[in-house]
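Visitor: What follows is a predicted structure for the sequence shown.
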Amino acid sequence: MSTLTRLKVYRRHHCERQHRTYEAFAKCVWPSALYVWCRHEEGTETPYALVIRCVKRHETWAPPRVRLWATQEAAELQATAYCGGGCYYAHEVIRLEME
């Protein structure tokens, strides 16, 4: 992945609540996610979501796995290193913007 590609931004979610953390926001955006994983470092915001939708050779769908990162660069680095390549679906880095 490259930082030159256009980054998706998600502002909408599935409820009327005002989420206080990016982890809660991500769980609302991707309710079918297998898990939402976040690096909890004190005082660090994690507004970049790496959405992983890898499927096995004979599957057509798998629940997404979501990892939250503090920087776009960290999320992109993990996107390229997560499964070693050869994925049927690309990994996405998405910026979360809570209102």
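Guide: Sure, I can see it.
Visitor: Glu45 contacts Ala70, correct?
Guide: Yes: taking contacts as Cβ atoms under 8 Å, Glu45 lies within contact range of Ala70: 6.5 Å. C-beta: built from backbone N, CA, C; applies to glycine.
Visitor: For these two, indicate the residue with more neighbours.
Guide: Ala70 (16 against 12; other Cβ atoms under 10 Å).
Visitor: Please give me every residue in contact with that one.
Guide: 39, 41, 44-48 (Cβ atoms under 8 Å, 6 or more residues apart in numbering).
Visitor: just the buried members of those residues?
Guide: 46-48 (16 or more other Cβ atoms under 10 Å).
Visitor: mind listing which of those are in strands?
Guide: Using DSSP state E, the subset of those located in strands is Tyr48.
Visitor: now the buried ones among the contacts of Ala70 in TSV, with pLDDT and distance to Ala62?
Guide: What follows is those, written out as TSV (pLDDT from 0 to 100; distance: Cβ to Cβ, whole Å):
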residue	pLDDT	distance to Ala62
Thr46	89	23
Pro47	93	25
Tyr48	94	22
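Visitor: Can you tell me which of the buried ones among the contacts of Ala70 is nearest Cys15?
Guide: Of all the buried ones among the contacts of Ala70, Cys15 sits closest to Pro47, with 18.9 Å by Cβ to Cβ.
Visitor: How about that closest one, nearest residue that isn't a chain neighbour?
Guide: The spatial neighbour of Pro47 that comes closest, neighbours along the chain excluded (Cβ to Cβ, 6 or more residues apart in numbering), is Leu96 at 5.0 Å.
Visitor: So for that neighbour, what's the pLDDT?
Guide: Leu96 carries a pLDDT value of 94.
Visitor: Check Thr3 too.
Guide: pLDDT at Thr3 comes out at 45.
Visitor: And for Pro64, the neighbour number?
Guide: Per other Cβ under 10 Å, the neighbour tally for Pro64 reads 20.
Visitor: State whether Cys54 is indeed within a helix.
Guide: No: Cys54 is assigned coil when assessed by DSSP: H, G, I helix; E, B strand; the rest coil, not a helix.
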